[in-house]
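**Student:** missing the sequence, but the structure's below:
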């Protein structure tokens with residue numbers, strides 16, 4: 001580390017500490033009437049926490065309206081398939097729009113879609129849609145369980161966050177099992193049709209290592225098999241599409257969790273601000289702030305000397 005880098009690094013905490021103690025001194029030297037008025041205004045201000053709580057309640061109420069209040073609700077027999085078809089069609093439309101906008105080298109409006117995309121659509125709507133329905137149904141039941149846990153124990157309780165983590169992990173586990181089944185099924189079919197005399201390779205189950213490929217909507221993963229008859233790839237199942245359908249089913253849960261986290265953080269900010277104003281007005285805090293400000297100033301003197309020396313040496 002050079003001297004210039006050391007000086008720059010030391011000036012960051014010095015500046016932050018000097019600013020903080022300066023604020024303490026400024027607030028502490030203010031009149032008691034102004035401090036009390038500031039505390040009164042802060043107590044009356046919600047910082048938007050109530051809005052985020054209402055947003056979380058709105059998320060949970062819409063979820064219950066669409067999918068019902070309990071596991072046996074008959075409404076979800078219609079809404080879950082409808083939700084899956086609409087969401088999958090939306091993601092497919094996004095994929096097609098990406099191809100037309102960013103991969104359209106001809107520059108014309110109507111161009112034939114790539115064969116891989118056509119095959120992906122065929123594989124999804126003939127086989128993948130059924131696995132997606134199961135995964136989405138599991139995600140919705142787990143989301144309902146988490147929301148009920150939040151209503152019973154509080155949306156900021158440990159039980160609610162354990163339920164959220166379990167819901168996400170369990171949904172991804174079901175998704176990884178379905179994807180693994182599709183990959184093994186494709187491998188067995190390929191070897192049976194093109195290389196029946198070759199030994200079947202071992203398909204590893206690696207859900208964590210496959211997570212990155214599951215996020216790439218515009219570049220779905222494929223598998224290349226090296227056989228005695230050559231290299232083949234027949235796997236075009238759009239795994240990211242299945243993943244995003246399952247993730248969309250949990251948007252309500254994530255919306256509730258994030259909204260309540262923001263609301264809690266805003267409440268903490270409010271209480272911390274009030275505590276800061278009350279503490280800054282005491283004589284003991286004022287004296288400590290002045291001493292700290294002087295010590296920081298003395299500490300900054302050698303750093304400033306080093307900075308001047310670096311400037312002079314550079315010239």
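**Tutor:** Thanks, I have it. Computed from a predicted structure; not experimentally measured.
**Student:** Okay, now the unreliable bits of this structure?
**Tutor:** 1-39, 41-47, 105-110, 273-301, 303-307, 309-315 (pLDDT under 70).
**Student:** make it 90
**Tutor:** For the chain, residues meeting the criterion pLDDT under 90 lie at 1-77, 92, 95-122, 144-161, 183, 186-239, 249-315.
**Student:** Excluding sequence neighbours, find me the nearest residue to the most centrally placed residue in the chain.
**Tutor:** Nearest to the geometric centre of the chain sits residue 254, at 8.5 Å (C-alpha atoms, centre = their mean). Nearest residue to residue 254, sequence neighbours excluded (C-beta to C-beta, 6 or more residues apart in numbering): residue 164, at 7.9 Å. (Glycine included, C-beta is placed from N, CA and C.)
**Student:** what about the one you found, neighbour count?
**Tutor:** 22 (other C-beta atoms under 10 Å).
**Student:** Run through the neighbouring helices and strands of the host helix or strand of it.
**Tutor:** Here residue 164 sits within helix 158-194, counting by DSSP states H and E. Contact partners of helix 158-194 among helices and strands, from 3 or more C-beta pairs under 8 Å, 6 or more residues apart in numbering; DSSP states H and E: helix 129-153, helix 211-215, strand 225-227, helix 239-249, helix 251-280.
**Student:** how big is the angle separating that helix from helix 239-249?
**Tutor:** Counting by axes from the mean of the first three to the mean of the last three C-alpha atoms, to 10 degrees, helix 158-194 lies at 160 degrees to helix 239-249.
**Student:** tell me the phi and psi of residue 92?
**Tutor:** Main-chain torsions, residue 92, degrees, to the nearest 10: phi -70, psi -40.
**Student:** Quick check: it vs residue 184, distance?
**Tutor:** Distance, residue 92 to residue 184, using C-beta to C-beta, to the nearest Å: 25 Å.
**Student:** Please identify which of the two sits among more neighbours.
**Tutor:** residue 92 (18 against 14).
**Student:** got a list of what the more buried one touches?
**Tutor:** Contacts for residue 92 (C-beta atoms under 8 Å, 6 or more residues apart in numbering) come out as 121, 124, 241.
**Student:** from what I can see residue 127 touches residue 182, true?
**Tutor:** Yes: with contacts counted by C-beta atoms under 8 Å, residue 127 reaches residue 182, the gap being 7.3 Å.
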